[in-house]
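*Asks:* here is my input; please provide its structure:
(one chain, ligands or ions: 1)
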Amino acid sequence: MFDERGNKRWWLDVFENEPNVPEELFALDNVVLSPHAAAYTLDCFMDACEHVAKSLDAFFSMVMAEEEEVPAILVLASSFGIDIKSQNPPKYRFLEAFSSNLPLLQFLQQQQTLPPSVRAIICNALKPVTADVIRSLPSLGLVVTASAGTDHIDLTECRRRRIQVVNIGGLFTADVADMAVALLIDVLFKISAGDRFARNWGLSKPLGFPFGSKLGGKRVGIIGLGRIGGEVAKRLEAFDCIIKYHSRNKNPSVSYTFYSNVVDLASNSDVLVLCCPLTEQTRHLINKEVMLALGKDGIIINVGRGALIDEKELVQCLVKGEIRGAGLDVFEDEPNVPKGLFPLDNVVLSPHAAALTLDGFKDSCEYVTQSLDTFFSIKPQVS
Ligand SMILES: O=CC(=O)O
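*Replies:* Numbering: from 1, shown residues only. Here you go, the predicted structure:
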């Protein structure tokens, strides 16, 4: 830049240490100073405002779209979520893994879903949620199990990842207690065995069916006097049974005789009803020693978990007549039932069906829905 006499002049709009301008420049005639104002026109300022507003809009619409994305729910147990599936607009995207034999990651790929999109799992007692499953889903925050038991879920991994685990609580308590009583009555009165017999009865075998046994007066040892055990006790008291129990702790609010030792309880009972959860402490709690203590007239009913009993020993004791019978709703390696039980007429088998009533199923769908709604309505705190 030159002045009117052709001398060179400097125009400086920016400075090294703004807003400080070097004072030496103030005395110089060949310098024009400007306060970093090259873009300070009204038009330019309006354009800049528009640009900033557009950038903010673009950013926040992307964030909102991400937040509003329909959460993907991995459904391991068949048919859960049926009531919420039909909602419009859909609240959740159910990925029905129970209907596929593919390994998890391949299944998700087939569903065009990235593992981080899966935020919750719905399962039941028959569908394990292993540490491997949990580790493959980095955004998993909730596991809802349509069961009272949670032994099929890797709780250690869930705790480590702060994944919420919701079970069905007491929803099935009465059904499971009813099933325990039904199995006991079946074993004592030989209802299932009688049904098989009656279908081939004919005139040729009028007296071939063995005697059953009364329920009233039986000494019933309940193992696990929690919600279900308590309901079993209540029902069997009404049948004039004598109730005893073994639990982790003595329950001061009941008058039933407490046994801290399972072998002692078995020696003083005609029937053992297993209602406790499966833990490392209760695995194979019912071993050969307990069965021999129960004795040849003893009956075992299991509505807890299969692995509470040493199944191999159970088959042996039943075959040899070292105990009299068993009613089993649960098995150690479901859905595999020990084949050694099949030919035995003193055993009643049920496919983990205590909670499989139509009414109970509707209730559990509702419960699962509520659990999802609660979880997804609580936004994480921004820290
Ligand atoms: O087995 C069924 C349950 O845990 O509810």
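*Asks:* tell me the secondary structure for residue 284?
*Replies:* Under DSSP: H, G, I helix; E, B strand; the rest coil, residue 284 falls in the coil class.
*Asks:* and the nearest residue to it once chain neighbours are set aside, how many neighbours?
*Replies:* Leaving aside its sequence neighbours, residue 284 sits nearest to residue 310 (C-beta to C-beta, 6 or more residues apart in numbering; 4.5 Å). All C-beta atoms are positioned from the backbone trio N, CA, C, and that covers glycine. If you count neighbours by other C-beta atoms under 10 Å, residue 310 ends up with 20.
*Asks:* residues contacting residue 310?
*Replies:* Residue 310 makes contact with 284, 286-288, according to C-beta atoms under 8 Å, 6 or more residues apart in numbering.
*Asks:* so which bits of the chain are right by the ligand?
*Replies:* Within the chain, the positions lying close to the ligand (C-beta under 6 Å from any ligand atom) are 125, 147-149, 172, 355.
*Asks:* point out where the chain drops to low pLDDT.
*Replies:* Within the chain, the segments meeting pLDDT under 70 span 1-5, 44, 52-68, 79-89, 203-207, 378-383.
*Asks:* can you pull up the most central residue in it?
*Replies:* Closest residue to the average C-alpha location of the chain: residue 145 at 2.7 Å, with C-alpha atoms, centre = their mean.
*Asks:* okay, and the beta partners of that residue?
*Replies:* Residue 145 forms beta bridges with residue 123, as assigned by DSSP bridges.
*Asks:* was I right about it contacting residue 126?
*Replies:* No. Applying C-beta atoms under 8 Å as the test, residue 145 and residue 126 come out as separate, 10.2 Å apart.
*Asks:* what touches both of these two?
*Replies:* Each of residue 152 lies in contact with both residue 145 and residue 126 under the rule C-beta under 8 Å, 6+ apart.
*Asks:* filter the contacts of residue 310 down to the buried ones.
*Replies:* Burial by neighbour count, 16 or more other C-beta atoms under 10 Å: within these this picks out 284, 286.
*Asks:* in TSV, list the contacts of residue 310 along with distance to residue 326.
*Replies:* Formatted as TSV, these follow (distance: C-beta to C-beta, whole Å):
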residue	distance to residue 326
284	15
286	10
287	15
288	14
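*Asks:* wait, which of the contacts of residue 310 is closest to the ligand?
*Replies:* The nearest member of the contacts of residue 310 to the ligand, counting by C-beta to the nearest ligand atom, is residue 286 at 17.3 Å.
*Asks:* not counting its neighbours along the chain, what's nearest that closest one?
*Replies:* Distances taken as C-beta to C-beta, 6+ apart put residue 309 closest to residue 286, at 4.3 Å, once the chain neighbours are dropped.
*Asks:* now that neighbour: how far from the ligand?
*Replies:* As for residue 309, its distance to the ligand is 15 Å (criterion: C-beta to the nearest ligand atom, to the nearest Å).
*Asks:* domains in the protein, by residue range?
*Replies:* With domains defined by the TED database, the chain comprises 1-64, 72-167+361-377, 173-352.
*Asks:* so what does residue 327 look like in phi/psi?
*Replies:* With angles defined as degrees, to the nearest 10, residue 327 sits at phi -120, psi 120.
*Asks:* quick one, phi psi at residue 240?
*Replies:* According to degrees, to the nearest 10, residue 240 has phi 70, psi 30.
*Asks:* and the residue nearest to it when sequence neighbours are not counted, what element?
*Replies:* Residue nearest to residue 240 in three dimensions, not counting chain neighbours: residue 216, with 4.0 Å by C-beta to C-beta, 6+ apart. Counting by DSSP states H and E, residue 216 is held by no secondary-structure element, helix or strand.
*Asks:* test my guess that residue 216 contacts residue 236.
*Replies:* No. At 9.8 Å, residue 216 and residue 236 do not qualify as touching, with contact defined as C-beta under 8 Å.
*Asks:* neighbour-wise, which of those two wins?
*Replies:* Ranked by neighbour count (other C-beta under 10 Å), residue 216 and residue 236 place residue 236 first, with 23 against 9.
*Asks:* can you tell me the SS state at that one?
*Replies:* When classified by three-state DSSP, residue 236 comes out as helix.
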